[in-house]
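Trainee: the following comprises the amino acid sequence and a computationally predicted model.
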Amino acid sequence: MTMSDATTPQPALFLSHGAPPLVDSERWVGQLTALAGRLDRPSAILVVSAHWEAAPLTIGSTDPTTALTYDFWGFPDRFYRTTYWSPGADGLANRVAAMMPDGEPIAHDRARRLDHGAYVPLTVMYPDADIPVLQVSLPTLDPERLLDLGRRLAPLREEGVLIIGSGFTTHGLPYLTDPTPEATPPGWSAEFDAWAQERFAAGDVESLIDFRNRAPGMPYAHPTIEHFSPLFVALGASSDVEQKPDQVIDGFWMGLAKRSLVLS
């Protein structure tokens with residue numbers, strides 16, 4: 001199927017992707033599998049991950065033989081043997097480039113394809129790796145500019161492209177004291193997650209944009225903000241940034257909030 005053949009609009013997603021061992025969580029795997037099952041099959045998948053910051057906007061490799069980026073350390077060897085040989089997405093890469101403003105530079109990184117923010121959830125959602133996947137960089141951490149990027153990408157949804165912003169609802173790794181998957185969430189993580197749940201339910205994009213100043217649990221929930229930033233690409237790509245999204249996944253892993261959204 002080509003992108004032009006697809007007629008069913010896709011949603012935009014914000015996924016809390018977690019570290020590679022999250023695939024060992026039966027609950028998370030079940031939640032992601034159920035999410036994929038309720039979506040129509042996409043013509044292609046476009047991912048913006050917290051783990052690739054590069055300006056200007058950088059388009060990843062479309063060569064399906066490009067190896068995964070194992071951008072994590074200290075895990076068992078099996079996580080470094082994961083593969084995900086999805087088809088290349090040359091057509092999607094060309095469409096993304098054409099959607100950017102005239103005169104705005106665009107870069108290409110032919111040595112980088114998918115990092116774990118992209119491939120970890122996809123190995124669960126689409127384990128056959130038979131859908132073209134393209135990753136592009138986070139060119140900024142400014143929420144307003146990321147909303148604008150999402151708006152430019154939004155027409156792709158009408159072509160059957162699933163747009164995924166992959167991050168984590170809380171990501172205060174330096175402040176975790178219990179590394180077990182079932183750890184009780186620290187107060188800062190639970191408080192930020194509860195605030196996010198309420199702001200999502202209210203469609204309060206103004207507060208979400210200003211999360212660094214308005215959200216409880218800061219700066220511990222996000223000592224650096226790249227893991228919340230992909231949310232704004234997904235919001236921008238949605239039909240209405242002030243919508244009340246479907247909060248399809250909640251709960252915690254290692255004390256970190258894995259709240260995830262479907263945006264129409």
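Mentor: Thanks, I have it.
Trainee: and His108, what element?
Mentor: Assigning secondary structure by DSSP states H and E places His108 in strand 107-109.
Trainee: pairing partners for that strand, with directions?
Mentor: Paired neighbours of strand 107-109 in the sheet (DSSP bridges): strand 58-60 (parallel).
Trainee: quick one: contacts of the partner strand?
Mentor: 52, 93, 96-97, 106-109, 112-114, 134-137, 139 (CB atoms under 8 Å, 6 or more residues apart in numbering). The way it works is simple: take the backbone N, C-alpha and C, and place the C-beta from them, glycine included.
Trainee: buried sites along the helix or strand just after that strand?
Mentor: Counting by DSSP H and E, the element after strand 58-60 in chain order, helix or strand, is helix 90-99. For helix 90-99, the neighbour count (16 or more other CB atoms under 10 Å) marks 91-93, 95-96 as buried.
Trainee: dump the C-alpha coordinates for helix 90-99 into CSV.
Mentor: The C-alpha trace of helix 90-99 is given here as CSV (Å, rounded to 0.1, in the frame of the first residue of the first chain):
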residue,chain,number,x,y,z
ASP,A,90,11.3,7.2,1.2
GLY,A,91,7.9,8.6,0.2
LEU,A,92,7.2,9.7,3.7
ALA,A,93,10.6,11.3,4.1
ASN,A,94,10.0,13.3,0.9
ARG,A,95,6.5,14.4,2.2
VAL,A,96,7.9,15.5,5.5
ALA,A,97,10.6,17.6,3.8
ALA,A,98,8.0,19.2,1.5
MET,A,99,5.9,20.2,4.5
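Trainee: which helices and strands does that helix pack with?
Mentor: Judged by 3 or more CB pairs under 8 Å, 6 or more residues apart in numbering; DSSP states H and E, the packing partners of helix 90-99 are strand 44-53, strand 58-60, strand 133-138, helix 143-153, helix 155-158.
Trainee: one more pass at 7 Å, please.
Mentor: Applying 3 or more CB pairs under 7 Å, 6 or more residues apart in numbering; DSSP states H and E, one finds that helix 90-99 contacts strand 58-60, strand 133-138, helix 143-153.
Trainee: any idea how far the residue sitting furthest away from the middle of the chain lies from Val124?
Mentor: When each C-alpha in the chain is compared with the mean C-alpha position (CA atoms, centre = their mean), Gly103 comes out farthest, at 27.2 Å. Note on Gly103: its distance to Val124, by CB to CB, to the nearest Å, is 40 Å.
Trainee: and Ala54, what does it touch?
Mentor: Applying CB atoms under 7 Å, 6 or more residues apart in numbering to Ala54 gives the contacts 107, 137, 139.
Trainee: pretty sure the last one contacts Val48?
Mentor: No. Using CB atoms under 7 Å, Pro139 makes no contact with Val48, being 9.3 Å away.
Trainee: neighbour count winner among the two?
Mentor: It is Val48, of Pro139 and Val48, that has more neighbours when counted by other CB atoms under 10 Å, with 29 against 23.
Trainee: what about the longest helix in the chain?
Mentor: Across the chain, the longest stretch assigned as helix under DSSP state H is helix 187-202.
Trainee: buried residues, it. List them.
Mentor: 188-193, 195-196, 199-200.
Trainee: sorry, back to before: ok, which of the helices and strands packed on helix 90-99 comes nearest Ala215?
Mentor: Ala215 lies closest to helix 143-153 among those, at 12.5 Å (CB to CB).
Trainee: helices or strands up against the closest one?
Mentor: Applying 3+ CB pairs under 7 Å, 6+ apart, one finds that helix 143-153 makes contact with helix 90-99, helix 230-237.
Trainee: format those helices as JSON lines; extra columns: mean pLDDT and distance to Val205.
Mentor: Below are these laid out as JSON lines (pLDDT from 0 to 100; distance: least, CB to CB, whole Å):
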{"stretch": "helix 90-99", "mean pLDDT": "97", "distance to Val205": "22"}
{"stretch": "helix 230-237", "mean pLDDT": "98", "distance to Val205": "7"}
